[in-house]
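A.B. asks: Sequence below, structure please.
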Amino acid sequence: MTGLSVAPQPVPGHGLLTGRVAVVTAAAGTGIGSATARRLLAEGADVVVSDWHERRLAETAAELTAEFPARKVAAIACDVQSTEQVNALVHGAAEARGRIDIMVNNAGLGGETPVVDMTDEQWDRVLDITLNGTFRCTRAALGYFRTAGHGGVIVNNASVLGWRAQHGQAHYAAAKAGVMALTRCSAIEAAALGVRINAVAPSIARHAFLDKVSSTELLDQLSEREAFGRAAEPWEVAATIAMLASDYTSYLTGEVVSVSSQRA
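C.D. replies: As a prediction, the model looks like this:
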């Protein structure tokens, strides 16, 4: 195996976000959220990490603090199903760091159930965390930016399943398609506030937690279908998020960027 069929090593930071303050939801553990927090720190930002799982959140914050001693890392627990907790996250992050420049809405929940067998509870939970949670965080961030006196950036984590069909993923796909639509519409509204809103749409990014909750056979099949014959590394998705958060994309808003070898 040669070229990009073998995952490259993470590239070093280039100071793209020096002096910025970022909030990242669902940042505990081994997935895209923690990789994004790491990437933003590598690019010079101070970061507030958030998650509903307080123990994993504390562990992640401690790891990031040790890895980036020159940067500031704070942790605020938040369940994105709660408007009160989301509002407290944004208020607490701004209070702790003096400002917020970047909001990364990464929280989401999947599952694997055919529609004919899906319960109301399964459908509602996936939609509430993945779509409604992104809405709550976007609303709270825009409320902050409206009174902050400076612009900012919001980056949402969507999925290629917002475009593609996959067995057993109707609830997740519907939620991610909703995140894409929310991104486009809220971006038009946010322009007057000097705020850009974009989304990434990863195909498959494998990490320890995903391997734990999904079948290895399915993940292998999905990985093999990609152009490079492998899944993305979480840092590769995180690097795209960092780019969207940076001034390199100052004229880009309302877009969904596919982090994949194929859009649909």
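
A.B. asks: hey, let's count contacts and neighbours off CA atoms from now on
C.D. replies: OK.

A.B. asks: Near residue 191, how many other residues are there?
C.D. replies: Neighbours of residue 191 under the rule other C-alpha atoms under 10 Å: 14.

A.B. asks: In a strand, it, correct?
C.D. replies: No. Applying DSSP: H, G, I helix; E, B strand; the rest coil, one finds residue 191 to be helix, outside a strand.

A.B. asks: ok, now how distant is it from residue 154?
C.D. replies: Between residue 191 and residue 154 the computed distance is 12 Å (C-alpha to C-alpha, to the nearest Å).

A.B. asks: what does stretch 161-169 contact?
C.D. replies: Defining contact as C-alpha atoms under 8 Å, 6 or more residues apart in numbering, one finds that stretch 161-169 is touched by 110-115, 172-178, 180, 203, 263-264.

A.B. asks: Quick check: buried residues in it?
C.D. replies: 161, 162, 168, 169 (16 or more other C-alpha atoms under 10 Å).

A.B. asks: quick one: terminal-to-terminal distance for it?
C.D. replies: Using C-alpha to C-alpha, the end-to-end distance of stretch 161-169 comes out at 8 Å.

A.B. asks: Would you pull up how far it lies from the middle of the chain?
C.D. replies: Chain-centre distance of stretch 161-169: 19 Å, with C-alpha atoms, centre = their mean, to the nearest Å.

A.B. asks: Over to stretch 19-39?
C.D. replies: 8 Å.

A.B. asks: Turn the buried residues of stretch 161-169 into JSON lines, columns for secondary structure and pLDDT.
C.D. replies: Putting those into JSON lines (DSSP: H, G, I helix; E, B strand; the rest coil; pLDDT from 0 to 100) gives the following:
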{"residue": "161", "secondary structure": "helix", "pLDDT": "92"}
{"residue": "162", "secondary structure": "helix", "pLDDT": "94"}
{"residue": "168", "secondary structure": "coil", "pLDDT": "94"}
{"residue": "169", "secondary structure": "coil", "pLDDT": "93"}
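
A.B. asks: Which pair in these has the greatest spatial separation?
C.D. replies: The span of the buried residues of stretch 161-169, defined through C-alpha to C-alpha, is set by 162 and 168 at 13.7 Å.

A.B. asks: circling back to that earlier point, take the buried residues of stretch 161-169 and lay them out in a markdown table including distance to residue 70.
C.D. replies: Listed next are the buried residues of stretch 161-169 as a markdown table, based on distance: C-alpha to C-alpha, whole Å:
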| residue | distance to residue 70 |
| --- | --- |
| 161 | 38 |
| 162 | 38 |
| 168 | 44 |
| 169 | 42 |
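
A.B. asks: wait, which of those is closest to residue 232?
C.D. replies: Once C-alpha to C-alpha is applied, the member of the buried residues of stretch 161-169 that ends up nearest residue 232 is residue 161, at 15.2 Å.

A.B. asks: any idea where the helices of the stretch 151-264 of the chain begin and end?
C.D. replies: 170-190, 208-213, 216-225, 234-245 (DSSP state H, counting those that start in this stretch).

A.B. asks: Export the ones you listed to a markdown table and append columns for mean pLDDT and mean neighbour count.
C.D. replies: Formatted as a markdown table, those follow (pLDDT from 0 to 100; neighbours: other C-alpha atoms under 10 Å):
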| stretch | mean pLDDT | mean neighbour count |
| --- | --- | --- |
| helix 170-190 | 98 | 21 |
| helix 208-213 | 52 | 11 |
| helix 216-225 | 66 | 14 |
| helix 234-245 | 96 | 22 |
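
A.B. asks: Quick check: which of these is nearest to residue 81?
C.D. replies: Judging these by C-alpha to C-alpha, what sits closest to residue 81 is helix 170-190, at 14.0 Å.

A.B. asks: Buried residues in stretch 188-204, which are they?
C.D. replies: 190, 193, 195, 196, 197, 198, 199, 200, 201, 202, 203, 204.

A.B. asks: swap in stretch 61-81?
C.D. replies: Neighbour-count burial for stretch 61-81, with 16+ other C-alpha under 10 Å as criterion, is recorded at 61, 64-65, 68, 71-81.

A.B. asks: Before I go, just wanted to say thanks for your time.
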